[in-house]
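Colleague: below: sequence and its predicted model.
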Amino acid sequence: MYLFFKAIHIISVISWMAGLFYIWRIFVYHSETDSVEVKKTLSIMAEKLYRIIINPAMMVSVLFGGILFYLQWNSFSNMIWIWAKIVFVVLMIGNQHMANFYRKKLDSGEKFNSKRFRLLNEVPTILMITIVFLVIFKSC
C-alpha cells in the first residue's frame, strides 16, 4: 500500500502545483485587462480552479503526505530534511491562501499591478524546487 499512497501523493502534488502556477498567471491577465467581460471570465476561471483543483489537490497532497510520514515515522522522525520539507509545504499552503486572498480582492474590483502577480507567480516554483531537492538529496 505504501507505493500506492506515494503514487497518489505525487499525482495530487502535480495537480496542486499546476493549479498554483496557473492561478497566478490568471491574476496577471486579470490585472492587465480593462475589459469587464474578460475580468468576469477570468474571475470565474480562478474561482473554479481554486475550488475544484487547487484546494482538493492540496488536501489530498497533505493527507497522503501525512500518511507516508506516519508509515515511515521511525525512519523520518530524526531526519532534518523531512522537517525542512514540512516547513516549505506550509509555505506553499500559505502561498495558496494568498492566492485565494487576491482572488477575492480581484473579484471585488480591486486593482493591482501585474508585476506583483508576476513575482508571486515565481514563489510556488521556488518552493517546489526546494522541496524536490530536499526529497532527492535527503540521504546526502
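Modeller: Perfect, I can see it now.
Colleague: which parts of stretch 127-140 are buried?
Modeller: Of all the residues in stretch 127-140, those buried under the rule 16 or more other Cβ atoms under 10 Å are 127-128, 130-131, 134. Backbone N, C-alpha and C define where each C-beta goes, glycine included.
Colleague: what's the answer for stretch 55-64, then?
Modeller: Those would be 55, 57-58, 60-62, 64, for stretch 55-64 by 16+ other Cβ under 10 Å.
Colleague: follow-up on the earlier one: which one of the buried residues of stretch 127-140 is nearest residue 83?
Modeller: The closest of the buried residues of stretch 127-140 to residue 83 turns out to be residue 134 (Cβ to Cβ; 9.8 Å).
Colleague: and the closest one, what helix or strand is that in?
Modeller: helix 123-136 (DSSP states H and E).
Colleague: what is the mean pLDDT for that helix?
Modeller: For helix 123-136, mean pLDDT is 95.
Colleague: what helices or strands is that helix leaning on?
Modeller: If you count contacts as 3 or more Cβ pairs under 8 Å, 6 or more residues apart in numbering; DSSP states H and E, helix 123-136 packs onto helix 2-32, helix 80-107.
Colleague: pLDDT value on residue 139, please?
Modeller: 60.
Colleague: give me the below-cutoff pLDDT ranges for the protein.
Modeller: Applying pLDDT under 70 to the chain picks out residues 77, 139-140.
Colleague: which residue packs closest to residue 65, ignoring adjacent ones?
Modeller: residue 9 (5.4 Å; Cβ to Cβ, 6 or more residues apart in numbering).
Colleague: verify the contact between the one you found and residue 61 for me.
Modeller: Yes - applying Cβ atoms under 8 Å, one finds residue 9 in contact with residue 61, separated by 6.3 Å.
Colleague: endpoint to endpoint, stretch 69-79 covers what distance?
Modeller: Using Cα to Cα, to the nearest Å, the end-to-end distance of stretch 69-79 comes out at 12 Å.
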